[in-house]
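> Pasted the sequence and its predicted model underneath.
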Amino acid sequence: MAESKLRNLSVEFSVKIIKLCENIKGHYSLTNQLERSGTSIGANIHEANYAHSKNDFISKLQIALKECYETEYWLELFVKSDLLNRETSKEIYNECGTIRKMLISSINTAKQNAEKSNN
């Protein structure tokens with residue numbers, strides 16, 4: 001259930017990132033970075049559902065988590081560079097934080113379950 005919610009949130013987040021990047025003029029290399037990291041979160045969550053092993057599953061979620069942190073960095077950089085209004089970015093930044101927290105929880109649970117099955 002939680003993974004389905006996480007998957008759905010990450011897809012919705014990706015769509016918002018794509019639309020946000022469409023509205024930022026200039027600085028193509030920076031918007032490209034934001035778009036790549038923001039959409040990579042959902043792609044890695046999706047891939048995790050088709051992992052070959054528990055370790056592969058955990059690895060994909062950890063990559064998604066790293067992409068979350070990178071996306072937060074790009075959003076903050078856009079705000080500090082006055083390319084994006086803080087109010088405009090607030091909702092999407094908070095959504096990224098929600099996904100990050102869910103990923104951390106999922107990774108921790110998956111690691112605990114993997115340890116239990118190894119004992």
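Structure received. For clarity, every value in this text was computed on a predicted model and none was experimentally measured.

> out of everything not next to it in sequence, what's closest to residue 106?
residue 61 (5.7 Å; Cβ to Cβ, 6 or more residues apart in numbering). All C-beta atoms are positioned from the backbone trio N, CA, C, and that covers glycine.

> Quickly note the distance from residue 15 to residue 72.
18 Å (Cβ to Cβ, to the nearest Å).

> which of the two has more neighbours?
When residue 15 and residue 72 are compared for neighbours, residue 72 comes out ahead with 17 against 13, by other Cβ atoms under 10 Å.

> Run through the residues that contact that one.
The neighbours of residue 72, taking Cβ atoms under 8 Å, 6 or more residues apart in numbering as the test, are 93, 96-97, 100.

> 6 Å - rerun?
The neighbourhood of residue 72, defined by Cβ atoms under 6 Å, 6 or more residues apart in numbering, consists of residue 96.

> Let's verify it: helix, strand, or coil?
Secondary structure, DSSP: H, G, I helix; E, B strand; the rest coil: residue 72 is helix.

> circling back: could you verify my assumption that the residue nearest to residue 106 touches residue 107?
Yes - contact criterion Cβ atoms under 6 Å: residue 61 and residue 107 qualify, at 5.0 Å.

> Of those two, which one has the most company?
Remark: of residue 61 and residue 107, residue 61 carries more neighbours, 24 against 19, as counted by other Cβ under 10 Å.
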